[in-house]
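J.: sequence and predicted model, in that order:
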Amino acid sequence: MKRDLVAAGALWLILTAIGELLAVFVDFYPLAKADKGEDIEHAFRVLVYFAVPVFTMVVAVLVYSFLRQHTTEFPTDDGPPLQGRGSIPLAWFVITSALTLAIAIYPGLVSIPNIFGDEPNPDLVVEVEGMQWTWFVSYPQHDVARVSELVLPVDRTVRFNITSRDVLHSFWIPGFLMKIDAVPGRTTTISLKPTKTGSYQTDPNLRVQCAELCGLFHSKMRIPVSVVSDEEFAAWLEEQAGAADAAPLSEETEAADALSGGIER
Ligand SMILES: [Cu+2]
């Protein structure tokens with residue numbers, strides 16, 4: 001029994017060392033293109049570091065038991081019952097409870113208020129309305145209403161006021177690692193600052209995507225996102241204002257345009 005414990009423990013330590021090295025040095029983590037997303041990115045790393053020893057313990061015990069104890073005969077009865085509390089289950093309980101508590105504090109209690117904290121004086125307010133199956137974006141400070149693309153200036157704080165016209169949707173920008181529900185009859189808000197320029201054309205993660213199953217074309221409910229310089233943003237706003245003056249649209253044609261335009265489905 002003691003020999004088995006030492007051998008399985010050694011296998012666990014070796015697998016944990018390999019796993020932690022991979023977790024630290026292999027760059028498979030999502031990269032956030034907005035400030036608040038960096039908290040998510042960091043939380044992702046911490047959770048992977050914590051998960052590695054838990055995962056490798058299960059694998060070590062499984063592999064070791066298989067190699068040492070397997071038999072070609074089909075077992076006809078159960079093994080001897082395990083009795084008593086023992087120091088190993090107690091240690092397991094203490095360690096996993098401590099890990100859970102640590103995660104609840106960080107990233108849990110520390111990061112969540114930061115991620116969902118409001119920005120009292122945002123540089124830009126953006127209103128977003130979801131409907132089956134597209135998004136309408138308005139810029140109330142700039143008289144730009146109901147466009148089907150999201151254009152943001154880089155390094156400026158933005159507050160999104162989000163709602164839904166019909167059913168539950170979820171406003172998700174994968175490139176920002178941020179997501180929040182769009183609820184009919186209610187406004188949810190999220191504030192963030194895009195930190196890198198880019199657009200959907202070169203980075204498919206820069207899109208507003210619905211992340212709440214909302215009907216037949218749920219997976220197609222997406223519009224492109226561009227993060228641009230201040231000058232490009234000003235030029236874009238001007239262009240939108242000009243387009244609205246030239247051709248005022250009824251709500252219906254606007255919705256139809258949005259469905260057929262934006263990103264090809
Ligand atoms: Cu939806």
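T.: Here it is on my side, so go on.

J.: okay, CA-based contacts and neighbour counts for the rest of this
T.: Fine.

J.: list the residue ranges of the chain that fall below the pLDDT cut-off.
T.: For the chain, residues meeting the criterion pLDDT under 70 lie at 244-265.

J.: give me the residue from it nearest the ion.
T.: residue 169 (4.0 Å; Cα to the ion).

J.: which residues are contacting stretch 152-161?
T.: Contact with stretch 152-161 is made by 118-119, 122-128, 187-197, 225-230, 233, as judged by Cα atoms under 8 Å, 6 or more residues apart in numbering.

J.: mark which of these are buried, thanks.
T.: Buried by 16 or more other Cα atoms under 10 Å: 122, 124-128, 187-196, 225-229, 233, out of the contacts of stretch 152-161.

J.: residues touching the residue positioned nearest the centre of the chain, list them.
T.: Among the residues of the chain, residue 177 comes closest to the average C-alpha position under Cα atoms, centre = their mean, at 4.2 Å. Contact analysis of residue 177 by Cα under 8 Å, 6+ apart lists 32-34, 37, 40-41.

J.: now these as JSON lines including secondary structure, distance to residue 151 and neighbour count?
T.: Output for the contacts of residue 177, formatted as JSON lines (DSSP: H, G, I helix; E, B strand; the rest coil; distance: Cα to Cα, whole Å; neighbours: other Cα atoms under 10 Å):
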{"residue": "32", "secondary structure": "coil", "distance to residue 151": "17", "neighbour count": "21"}
{"residue": "33", "secondary structure": "coil", "distance to residue 151": "14", "neighbour count": "23"}
{"residue": "34", "secondary structure": "strand", "distance to residue 151": "14", "neighbour count": "21"}
{"residue": "37", "secondary structure": "helix", "distance to residue 151": "18", "neighbour count": "24"}
{"residue": "40", "secondary structure": "helix", "distance to residue 151": "23", "neighbour count": "21"}
{"residue": "41", "secondary structure": "helix", "distance to residue 151": "23", "neighbour count": "16"}
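
J.: columns distance to the ion on top of those residues, output as a markdown table?
T.: Formatted as a markdown table, these follow (distance: Cα to the ion, whole Å):
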| residue | distance to the ion |
| --- | --- |
| 32 | 23 |
| 33 | 23 |
| 34 | 23 |
| 37 | 22 |
| 40 | 23 |
| 41 | 25 |
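
J.: which pair of the residues you listed spans the longest distance?
T.: For the contacts of residue 177, the farthest-apart pair by Cα to Cα is 33 and 40; their separation is 11.3 Å.

J.: so is residue 204 in a helix, a strand, or just coil?
T.: Following DSSP: H, G, I helix; E, B strand; the rest coil, the label given to residue 204 is coil.
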